[in-house]
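**Q** need a 3D model of the sequence below.
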Amino acid sequence: MGTKERDLAFWLFAVFISGAAVFGSMLLWLAALISALLFFYHFVIVRPRAVRESRKMGLETAVLVPLWSCAARLRLLLAGKKLAGWERAYEVHLSGAGKEIIPVLEKDLLNVAGTVKGLFFWETSFPVPSAIRKLVREKEKRNKAFWVKGRLPVPGTPLLPDPVDGKHVRYGAVVLD
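**A** This is a model prediction of the structure:
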């Protein structure tokens, strides 16, 4: 469960709780409860586990957040892309800030490219290391990657900081096999 799914869970909670308050439906109250549990599941279980597992892999700045396969397929559908040849999916996050982490990030991402197989999503305005840009361009030629300007059409969660600068944001995915 990545950040887009967390944000979707929040908005579903808002819709379900509003509907439950207006209509008094027990089914909507139950749906609101499930959405709230999914929202907090990301913060309490998914994110800490992803940080722990990424550190075990030797990654210093990159964090690989595992995605459910149905969520990965939904993201590909929203992006209008078809990428085949993956079993596991991840969302790539950065822990740290500043341009001084670019060499460390490049080392981390090349480590991931050489050891972990799967579908990797990102959405960033942070400068992507040149070796990774080259890898994505090569994979794009074989229909194993995409990288486009803009954001995925899922609104963020209010009151949570958005680490992505909206003017220079790009999102994409790459299949590493």
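**Q** those strands in this protein, which residues are they?
**A** With DSSP state E as the criterion, the chain has strands at 62-67, 89-94, 118-124, 145-149, 170-176.
**Q** for A36, which of those strands is the nearest?
**A** Each of these has some distance to A36 by Cβ to Cβ; the shortest is strand 62-67, at 19.8 Å. All C-beta atoms are positioned from the backbone trio N, CA, C, and that covers glycine.
**Q** the closest one to strand 118-124, inter-axis angle?
**A** With axes from the mean of the first three to the mean of the last three Cα atoms, to 10 degrees defining the directions, strand 62-67 sits at 120 degrees from strand 118-124.
**Q** ok, I45 - how many residues close by?
**A** 11 (other Cβ atoms under 10 Å).
**Q** what pLDDT does the model give it?
**A** Note on I45: pLDDT of 93.
**Q** same thing with G114?
**A** 89.
**Q** count of residues packed around it?
**A** Residues contacting G114 under the criterion other Cβ under 10 Å number 8.
**Q** also E140?
**A** Going by other Cβ under 10 Å, the residues that sit close to E140 add up to 14.
**Q** which ones are touching the residue nearest to it when sequence neighbours are not counted?
**A** The shortest distance from E140 to any non-neighbouring residue, by Cβ to Cβ, 6 or more residues apart in numbering, is to F146 (6.4 Å). By Cβ atoms under 8 Å, 6 or more residues apart in numbering, the residues touching F146 are A79, K81, L83, E140, G172, A173.
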